[in-house]
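**Q** here is my input, please return the structure:
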Amino acid sequence: MKLSVDIILLCSVVGAVILVYAPFLVVGWGRLQAGYDQSAPRAMFDKLPPYAQRATWAHQNSFEALTIYGLAALMAYATGVDSDWGRNAAIAFLVARLFYSVFYIANIPVGRSLMFAIGSLSAWTLFGLSILQISH
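**A** Numbering: from 1, shown residues only. Purely as a prediction, here's the structure:
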């Protein structure tokens, strides 16, 4: 049973929001190791272990990626994109962003860059499909 592209697009936006916060769980662990200072949580960044600093950057970048992807996915939904390209772009975005954070935290820059490129290409694919959809 194939899920409709509409369902995949909407669920992928929810998934993208969840993926924004996944790296923050690692940041929380790093804060516990560094001795969490509840009165100044942002000031303790330099005290975090390197993996938790990278998790912070992955978390911040995920917000940036979400703004672009969320617009692309909702635009595809609104214009009625209904193709395997749309379905695959939405799924590819989620997979790429999951591994983006994993590679960032694990300090694997080539993997992180590749996942960033795949995620970006997925969003731009949805923009392109939306424009093609309304031009017919």
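
**Q** quick one, helices of the chain?
**A** Under the criterion DSSP state H, the chain carries helices at the ranges 5-34, 50-79, 84-105, 109-134.

**Q** list the contacts of the most centrally placed residue in the chain.
**A** Residue closest to the mean C-alpha point of the chain, counted by C-alpha atoms, centre = their mean, is residue 97 at 4.1 Å. Contact partners of residue 97, counting by C-beta atoms under 8 Å, 6 or more residues apart in numbering, are 16, 19, 62, 65, 69, 115, 119. Bear in mind the C-beta positions are built from the backbone N, C-alpha and C, glycine included.

**Q** mind giving me a markdown table with the helices of the chain and columns for distance to residue 44 and mean pLDDT?
**A** Listed next are the helices of the chain as a markdown table, based on distance: least, C-beta to C-beta, whole Å; pLDDT from 0 to 100:
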| stretch | distance to residue 44 | mean pLDDT |
| --- | --- | --- |
| helix 5-34 | 6 | 92 |
| helix 50-79 | 10 | 96 |
| helix 84-105 | 18 | 98 |
| helix 109-134 | 24 | 98 |
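
**Q** which one of those helices is the most hemmed in?
**A** Among those, helix 84-105 has the highest mean neighbour count (mean count of other C-beta atoms under 10 Å), at a mean of 21.

**Q** for it, the distance to its chain's centre please.
**A** On the basis of C-alpha atoms, centre = their mean, to the nearest Å, helix 84-105 sits 7 Å off its chain's mean C-alpha point.

**Q** any idea how far residue 91 is from the residue nearest to the centre of the chain?
**A** Using C-beta to C-beta, to the nearest Å, one gets 11 Å for the distance from residue 97 to residue 91.

**Q** repeat that for residue 73.
**A** To residue 91, residue 73 is 11 Å away according to C-beta to C-beta.

**Q** what sits in contact with each of those two?
**A** In contact with both residue 73 and residue 91: residue 12, using C-beta under 8 Å, 6+ apart.
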